[in-house]
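> The following comprises the amino acid sequence and a computationally predicted model.
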Amino acid sequence: MSIERQITDAIATGIQKLYGVETPAEQIQLQKTKREFKGHLTLVVFPFLRMSKKSPEQTAHEIGEHLVVNEPSVACFNVIKGFLNLTVSSSCWVALLNEIGRTENYGSTPVTEQSPLVMIEYSSPNTNKPLHLGHLRNNFLGFSLAGIMKANGYRVVKTNIVNDRGIHICKSMLAWLKWGNGETPQSSGKKGDHLIGEYYVLFDKHYKQELKDLEARGLTREQAEARSSYMHEAREMLRSWESGDETVVTLWKTMNNWVYSGFNETYKKMGVDFDKIYYESETYLVGKEEVLRGVKEGAFYRRDDESVWADLRKDELDEKLLLRADGTSVYITQDIGTAKLRFDDYPIDKMVYVVGNEQNYHFQVLSILLDKLGFAFGKGLVHFSYGMVELPEGKMKSREGTVVDADDLMDEMMQTAREISQELGKLDELAPDEVENIVRIVGLGSLKYFILKVDPRKNMTFNPRESIDFNGNTASFIQYTYARIHSVLRKAKEQGLSFPDKLPTSVSISEKEENLIQLLAAYPAIVREAGEAYSPALIANYIYDLVKEYNQFYHDFSILREENPEWRHLRLLLSSSIAAVIKSGMGLLGVEVPERM
RNA sequence: GGUCCGGUAGCUCAGUUGGAUAGAGCAAUAGCCUUCUAAGCUAUCUGUCUUGGGUUCGAAUCCCAACCGGAUCACCA
């Protein structure tokens, strides 16, 4: 039982005894004492005044007296206005540190075969262009969330739905046929996804020119769009693809494979992975079948032009198209099919979609549609909706060339990490492959942390010109502290300074150390909250607080030079426990920590 | 126009199951490397928490209204 819980119970019995009123423990809220006051935990007594019918000060004193006499973990107390500040005894903190020190996987709940299964969909790229900054936020959030859910005792399946079919990929294919001269990733040395992206842009360029020419001949915009031969060819190609035309399908496979090998490289660099990948080309027909089943069962209806619709006006939404008049599927049809396949494949208890907040409406609709089709999971699906990544001058626009490419950005981060490391002379004594590894860990970690420390729901601003800081609330600051702790532990070992993993509770302990242990003790609750709130940011900001506190401690206290063996042991045990929590917490963000840097 | 989300220091962000004098980092200024890694530490400076009401012992936090910004309301994905 946690100290907090113990004291809460003692307060409940105290109030019962003093004022004869039964108070459920949930109503008693202990909070962390503010830094400027003495004590560890604070009880705000205002809510109990109507029971005690006495002044705040007097009430606080009475409860405080009761605790000191009856609850051994409370050493002393002080009262300021209506605030009862409790000081927990040193021996409790030492006992707590002992416990944390020998708890394996501290902070995480074990996963068993009976654990509920959560499937997390993230990434979901289109195969016509490379990944950009927005995808980075998506991938980092999705991967981190998977780790957090696992730490909270869920079985987790990470999944990805690849948008591999549709008019967009036909545009790239067409441009490549027309102007590509058989260029391949091998022949040009370009990454497959970047190569395809270039042809997508090239199509758009020629298409725009064609429109301009047509408009110059006196056509309106709409007429020009209808008359465009390029667009006509692209649509024609999509039709050939859907009817299984062999040359088109072969080309499609070839070009998509170029993209996949490019994506795989990027995913590897990002440090994310998937347990199961679905492809839209394999799910859209299933979606169509499901929609037709819905028509048969009366959930949806057909209009005169043969298009299929869902009437959601009873759910305070509008009518929604599900199949076009020509029978082809739309975006949401595919999500219905994917959902069905997934639930056929796995016994999913909870489905989480990591998708940007511009699709809030889409998922609201999807939830209702799945429910109408009789899928039990429809109502409970979670849309983990995150904000846009904006540049200082506003949204990223591919047409204006302001898109920040994921590969480029990651490379730049590593390059910057390398330059700073060299300037500081950090890497002088290390082997080249070690240098590469540290540069990767620091550069990439800083990027991930920079993105994940922000509340996922909020839009965030990213300034590519001001490179990401390596000071302050950053991954490198945390990584540096971790490396330094390891250095101390390494040196302790070299000097033969082993320390027991269990300290006598009689050891005297400073206020700073008590505060650090109190912070450490909060970790499991933070992991739980992060899981409930879907917020890796909670963990990031917690780790930062812990590290900041430890750094001050590190500068104020000697560890290896401390001559009192009990104190030295305490500090070594504290340091190694903190290192363990840093590693665990950063691991939940998908950020590695190096043992030296 | 309807719906949803946001507005906290010059900048980037914490802080919201209502609690004490609203916090960090960056930027600025001044110190600290014969001592466990200076990617660090210390000190100073920085605020109409968008505005106006309400709820109460107490509001950045909850409610109402207004203003500003964003998203969405596609036979695009």
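All right, it came through fine.

> dump the residue contacts of the residue sitting nearest the centre point of chain A.
Closest residue to the average C-alpha location of chain A: A:Leu141 at 2.5 Å, with Cα atoms, centre = their mean. Contacts for A:Leu141 (Cβ atoms under 8 Å, 6 or more residues apart in numbering) come out as A:Tyr122, A:Val354, A:Phe384, A:Tyr386, A:Ile451, A:Leu452, A:Pro456, A:Pro536. Bear in mind the C-beta positions are built from the backbone N, C-alpha and C, glycine included.

> hang on, isn't the first one packed against A:Phe140?
When you say that, I think you mean A:Tyr122. No: counting by Cβ atoms under 8 Å, A:Tyr122 stays clear of A:Phe140, with 9.2 Å between them.

> who touches both of these two?
A:Val272.

> so which helix or strand takes in the residue nearest to the centre of chain A?
helix A:133-151 (DSSP states H and E).

> what element comes up after that helix heading to the C-terminus?
Taking DSSP H and E, what comes next after helix A:133-151 is strand A:155-162.

> Contacts for that next one, please.
A:111, A:113, A:115-125, A:127, A:142-143, A:146, A:149-150, A:273-280, A:283, A:338, A:342, A:346, A:348.

> Let's see which of those end up in strands.
A:Leu117, A:Val118, A:Met119, A:Ile120, A:Glu121, A:Lys276, A:Ile277, A:Tyr278, A:Tyr279 (DSSP state E).

> how much space is there between A:Asn78 and A:Ile485?
Noted for A:Asn78: a distance of 34 Å to A:Ile485, by Cβ to Cβ, to the nearest Å.

> The two - which one has more neighbours?
For A:Asn78 versus A:Ile485, neighbours defined as other Cβ atoms under 10 Å are more numerous around A:Ile485 (26 against 16).

> ok, that one - contacts?
For A:Ile485, the contacting residues are A:Tyr550, A:Ser575, A:Ser576, A:Ile578, A:Ala579, A:Ile582, by Cβ under 8 Å, 6+ apart.

> so where's the stretch 451-597 of chain A shaky on pLDDT?
Within the stretch 451-597 of chain A, no stretch has pLDDT under 70.

> quick one, strands of it?
A:460-461 (DSSP state E, counting those that start in this stretch).

> and A:Asn181, how many neighbours does it have?
7.

> what do you get for the one 4 residues further on?
Other residues within reach of A:Pro185 by the criterion other Cβ under 10 Å amount to 18.

> What about the residue in chain A that RNA strand B sits nearest to, how many residues nearby?
Nearest residue of chain A to RNA strand B: A:Gly472, at 2.0 Å (Cβ to the nearest atom of the strand). With neighbours defined by other Cβ under 10 Å, the count for A:Gly472 comes to 9.

> Let me see the backbone angles for it.
phi 80, psi -140 (degrees, to the nearest 10).

> What subset of the ones in strands among the contacts of strand A:155-162 is buried?
A:Leu117, A:Val118, A:Met119, A:Ile120, A:Glu121, A:Tyr278, A:Tyr279 (16 or more other Cβ atoms under 10 Å).

> and those residues as CSV, adding pLDDT and distance to RNA strand B?
Shown next, in CSV, are these (pLDDT from 0 to 100; distance: Cβ to the nearest atom of the strand, whole Å):
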residue, pLDDT, distance to RNA strand B
A:Leu117, 96, 27
A:Val118, 96, 23
A:Met119, 96, 20
A:Ile120, 97, 19
A:Glu121, 97, 14
A:Tyr278, 96, 13
A:Tyr279, 96, 11
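
> ok, A:Glu282 to A:Met173 distance?
Per Cβ to Cβ, A:Glu282 is found 19 Å from A:Met173.

> For those two, indicate the residue with more neighbours.
Ranked by neighbour count (other Cβ under 10 Å), A:Glu282 and A:Met173 place A:Met173 first, with 26 against 15.

> so the more buried one makes contact with A:Lys253?
No: shown here, A:Met173 and A:Lys253 do not form a contact pair, counting by Cβ under 8 Å, at 10.7 Å.

> Show me the helices in the stretch 301-450 of chain A, by range?
Per DSSP state H, counting those that start in this stretch, the stretch 301-450 of chain A carries helices over the ranges A:331-345, A:360-372, A:406-424, A:432-452.

> would JSON lines of those helices with mean neighbour count be doable?
Below are the helices of the stretch 301-450 of chain A laid out as JSON lines (neighbours: other Cβ atoms under 10 Å):
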{"stretch": "helix A:331-345", "mean neighbour count": "20"}
{"stretch": "helix A:360-372", "mean neighbour count": "18"}
{"stretch": "helix A:406-424", "mean neighbour count": "17"}
{"stretch": "helix A:432-452", "mean neighbour count": "21"}
